[in-house]
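Peer 1: sequence plus predicted model, see below.
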Amino acid sequence: MSRRVRRRVSRRGKEKVDCLEIDENLSLDEKGVLDWIRLPDDTVIQLFSCLNYRDRASLSSTCRSWRILGKSPCLWQALDLRPHKCDTAAAASLASRCQNIQKLRFRGHESANAIINLQARNLREISGDCCKKLTDATLSVIAARHDWLECLQIGPDFCERISSDAVKAVAICCRLLQKLRLSGIHEVDADAINALAKHCPNLTDIGLIDCRKVDETALGNVGSVRFLSVAGTTNIKWNLVLQPWSKLPHLTGLDVSRTDITPSTVLRLFSSLRSLKVLGALNCPALENDATFVSNNNHKGKVLLAVFTDILKGVATLSVDTTKDERNVFLNWRNFRTKDGESEDIMNWLEWILSHSLLRVSEGNPPGLDNFWLNQGSALLLSFIHSAQEEVQERAATALATFVVIDDENASIDTGRAEAVMRDGGIRLLLNLARSWREGLQAEAAKAIANLSVNANVAKAVAEEGGISILANLARSVNKLVAEEAAGGLWNLSVGEEHKGAIAEAGGVKALVDLIFKWSRSTGGEGVLERAAGALANLAADDKCSMEVASVGGVRALVTLARNCKVEGVQEQAARALANLAAHGDSNGNNAAVGQETGALEALVQLIRSPHDGVRQEAAGALWNLSFDDRNREAIAAAGGVEALVALARSCANSSHGLQERAAGALWGLSVSEVNSIAIGREGGVAPLIALARSDAEDIHETAAGALWNLAFNPGNALRIVEEGGVPTLVHLCSSSVSKMARFMSALALAYMFDGRMDEIAPTGTSTESTSKSVSLDGARRMALKNIEAFVLTFSDAQAFSAAAASSAPTALTQVTESARIQEAGHLRCSGAEIGRFVAMLRNPSSILKACAAFALLQFTIPGGRHALHHVGLLQNAGAPRVLRATAAATCAPLGAKIFARIVLRNLEQHHTGSLI
């Protein structure tokens, strides 16, 4: 897999951070160097305000004056604990600074247990997410310790361990409560809701979202409520809500999105709730499937927000300023100078409930909403990126990351939705959000950019807008979530060849390698490691980037992952990266570098035994590439590679074609060594390779045929191939495969098997297989030679042969060469023994084997071939020119053999002439 997308299920409000204008007389010393100690106090405080609490604390420790400034109450009005693990000890260390904190955000039940130790008695707002394990006891203690609390938000994750008892405790302890939003509670009963009505007279905003059961009648007793959301809540008895809810004198906004509310209930609510101004009803199937209701525009003066209504137009009717573009209604409202309190409350609530519902709908991805997303949903989410509410911004970015995803496992996204975001200016908005100093915004924006960048057009736009540098910088973040999403963005962008160099230039390669070194020593960093390794794997496929990866320590980092990490995704990407690094053996030294790294080959051999096909496939691919180096080839065998790969070939019959190809390919690479070839045969590797050769996949034909060709060089293996029924399989490949290379190597394997050497051992039964098998070598020989002859004839143009036989002109031989040439054969590298075997075949009594040998030598010596010079040298050392001349002049030799021999002689002369020049 070369990329990954993720689904979600995780500015400072209105304040603007001004650019600093530093008085040079105060900040520069006599040498013109910036002196940080001489900065004005207000400038230092302004710098501190742009940091998270950990960085602020670290900076405060540099000197006494900054320690004092770092404790300034204005810096500790709000605290976001989400980016870091906050346990009891961390909370206690922060307690001295938290006396004046007004707003707190945390993540996870561990942090919830710890925040009690902050001693922040003056807290006005608490917001927590990822609180699935949060208990009644913890929430009750939080409420009891913070009786000045005005806003409590727990979600959007399901809080299944919170019950009505905790809600009652909140009501009793937090009597100043104005806003309560809880998600995923199993049941909120009448006693809990009545406690809120009794003890919280200022409670104006209630959100009981995605709850399984809520006492809808009791909600009518909370007379102070202005905004009520029961989005996603099940088991509401809609026939019972009209009478109690009509007694709510101030109810202005009602959100029933993602419920089973019926059209008749909506119409009765419109009639009975006189104060109601807006009803949110996104993704309510009963409404959307009622054609009469959808076409009915008489909403009794209320605004209905649904997938079938014009949401932005409806919101515009609620805005004070209705003179501007409806599509930018939220942005225009934010910029409107004379807002009244009521309209501001409505617009803030609308942003909150719409962003929440859009996120939930994007996660469920129900069918039939394509038009909504393209025409409204995308624009709504982008408008929320400008929100003054950080939570709304985060949810909008997360929803943008989610709604485009079709299949996260296969990295598939909806092209139309992704390009709609790009068309509406979303890429620039998300990149600006990623520049925020807020780590939560950085993480969600980077996630959205990563997912959208699966689309090539969006990836191009991200690169053009400077997104690669932004992501490379975010990858250096000490925040795990930010680094993880940034690495994911670089992973997806690195799929495009045109972006690889830009990532390297932006320092992305080193940032990714540093991530691996950092998080491989910690727990919980698997997501960062998988994305970093995946990005490096893509980058390593490029020659220049491959060298960059190696130069910054990437080989050691990836080997460390392959050796020590036990997570499937990380193992797979680390092995893929090592495979790509090793694929440049001819152009750089990475192949040898990977093989020489301590523990690399042993780790890859061990990954071959993984229970996961993806890991096994990439590990086998890495060993295949590494086996092109002579030292690696022997070291792999010494590390148990032969046994592991034979076992893999034997067990992968029902696996993917990619795994089968790499298993056969790795055995092909190892079998170049005759020692390894013999070991593969003895280990039982012949039978599974024959089985793989019967595949219907062209790539597997080539690798299996290549491995069998190498194995057949040894007479013992050749006999095993015959005994295991390999001759008919090779004959079939030789005659029927669509791959010229598979046909070529099958013919060569058959030629090795029946050039006479196997005959020396066949009668004695020295094969390690049972000698009880009855083998008709004569019948197999006739079948093999017949198909070798047919194969060679397919490359023999009769007219061109006749012209070459009648003329000594170079053009005649060139014509034969071009018609006979197999382009990929130029990549094959033969040993001296193999070249000597073909030279010996030129003397074989069989005219078919003579023609086959001459044909093979032609392929190996064609000028321009990768290893042609190597083969020419071997031929010269073997005294081949004399044999070739004899073959070309022999009256009894077949015409094909004579013409091919003449071409090989000409190739030798051309190489000799070229070397002299």
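Peer 2: Structure's in. What do you need? Quick caveat, the model's predicted, so the values are computed rather than measured.
Peer 1: and Gly368, how far from Ser846?
Peer 2: Separation of Gly368 from Ser846 (Cβ to Cβ, to the nearest Å): 70 Å. All C-beta spots, glycine's among them, are computed from the backbone N, C-alpha and C.
Peer 1: more neighbours: which of the two?
Peer 2: Legend: neighbour count by other Cβ atoms under 10 Å for Gly368 and Ser846, higher for Ser846 (19 against 11).
Peer 1: so, low pLDDT: which residues of the stretch 551-700 of the chain?
Peer 2: Counting by pLDDT under 70, the stretch 551-700 of the chain contains no low-confidence range.
Peer 1: now do the same contact list for the residue nearest to Val278 when sequence neighbours are not counted.
Peer 2: If you skip the residues right next to it in sequence, Val278 has Val303 as its closest partner in space, 4.4 Å away by Cβ to Cβ, 6 or more residues apart in numbering. Each residue near Val303 by Cβ atoms under 8 Å, 6 or more residues apart in numbering is listed here: Lys277, Val278, Leu279, Gly314, Val315, Thr317, Leu318.
Peer 1: now, among these, which is nearest to Ala550?
Peer 2: Comparing these against Ala550 with Cβ to Cβ places Val315 closest, at 54.9 Å.
Peer 1: who are the packing partners of the host helix or strand of that closest one?
Peer 2: Val315 is part of helix 311-316 when elements are defined by DSSP states H and E. The contact analysis (3 or more Cβ pairs under 8 Å, 6 or more residues apart in numbering; DSSP states H and E) places helix 311-316 against strand 303-305, helix 329-335, helix 341-364, helix 378-384.
Peer 1: let me know which of the ones you listed is tucked in deepest.
Peer 2: Ranked by mean neighbour count under mean count of other Cβ atoms under 10 Å, these are led by helix 378-384, which reaches a mean of 24.
Peer 1: now that one - C-alpha only, PDB.
Peer 2: These are the backbone C-alpha positions of helix 378-384, laid out as PDB (Å, rounded to 0.1, in the frame of the first residue of the first chain):
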ATOM      1  CA  SER A 378     -18.500  21.400   1.700                       C
ATOM      2  CA  ALA A 379     -19.200  25.100   1.700                       C
ATOM      3  CA  LEU A 380     -20.600  24.900   5.200                       C
ATOM      4  CA  LEU A 381     -17.600  23.100   6.600                       C
ATOM      5  CA  LEU A 382     -15.300  25.600   4.900                       C
ATOM      6  CA  SER A 383     -17.200  28.500   6.400                       C
ATOM      7  CA  PHE A 384     -16.700  27.000   9.900                       C
END
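Peer 1: what pLDDT, on average, does that helix get?
Peer 2: The average pLDDT within helix 378-384 is 95.
Peer 1: could you tell me whether Leu104 really is in a helix?
Peer 2: No - using DSSP: H, G, I helix; E, B strand; the rest coil, the assignment for Leu104 is strand, not a helix.
Peer 1: just grab the bridge partners of it for me.
Peer 2: Beta-bridge partners recorded for Leu104 (DSSP bridges): Leu79, Ile126.
Peer 1: buried ones in stretch 462-469?
Peer 2: Within stretch 462-469, the residues scored as buried using 16 or more other Cβ atoms under 10 Å are Val462, Ala463, Glu465, Gly467, Ile468, Ser469.
Peer 1: for Ile636, see how far away the fifth one is.
Peer 2: If you measure Ile468 against Ile636 using Cβ to Cβ, the figure is 37 Å.
Peer 1: now do the strands in the chain.
Peer 2: For the chain, the strands defined by DSSP state E cover 78-80, 103-107, 125-129, 151-154, 179-183, 187-188, 205-209, 213-214, 227-229, 253-255, 278-280, 303-305, 405-407, 412-413.
Peer 1: okay, these in CSV with distance to Asp55 and mean pLDDT next?
Peer 2: CSV is the format used below for the strands of the chain (distance: least, Cβ to Cβ, whole Å; pLDDT from 0 to 100):
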stretch, distance to Asp55, mean pLDDT
strand 78-80, 12, 85
strand 103-107, 17, 90
strand 125-129, 21, 93
strand 151-154, 26, 96
strand 179-183, 30, 96
strand 187-188, 40, 94
strand 205-209, 33, 96
strand 213-214, 42, 95
strand 227-229, 36, 97
strand 253-255, 38, 97
strand 278-280, 39, 97
strand 303-305, 40, 96
strand 405-407, 33, 86
strand 412-413, 34, 90
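Peer 1: got JSON lines for these, with distance to Ala890 too?
Peer 2: Below are those laid out as JSON lines (distance: least, Cβ to Cβ, whole Å):
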{"stretch": "strand 78-80", "distance to Ala890": "87"}
{"stretch": "strand 103-107", "distance to Ala890": "84"}
{"stretch": "strand 125-129", "distance to Ala890": "85"}
{"stretch": "strand 151-154", "distance to Ala890": "92"}
{"stretch": "strand 179-183", "distance to Ala890": "89"}
{"stretch": "strand 187-188", "distance to Ala890": "97"}
{"stretch": "strand 205-209", "distance to Ala890": "90"}
{"stretch": "strand 213-214", "distance to Ala890": "96"}
{"stretch": "strand 227-229", "distance to Ala890": "94"}
{"stretch": "strand 253-255", "distance to Ala890": "93"}
{"stretch": "strand 278-280", "distance to Ala890": "92"}
{"stretch": "strand 303-305", "distance to Ala890": "91"}
{"stretch": "strand 405-407", "distance to Ala890": "63"}
{"stretch": "strand 412-413", "distance to Ala890": "62"}
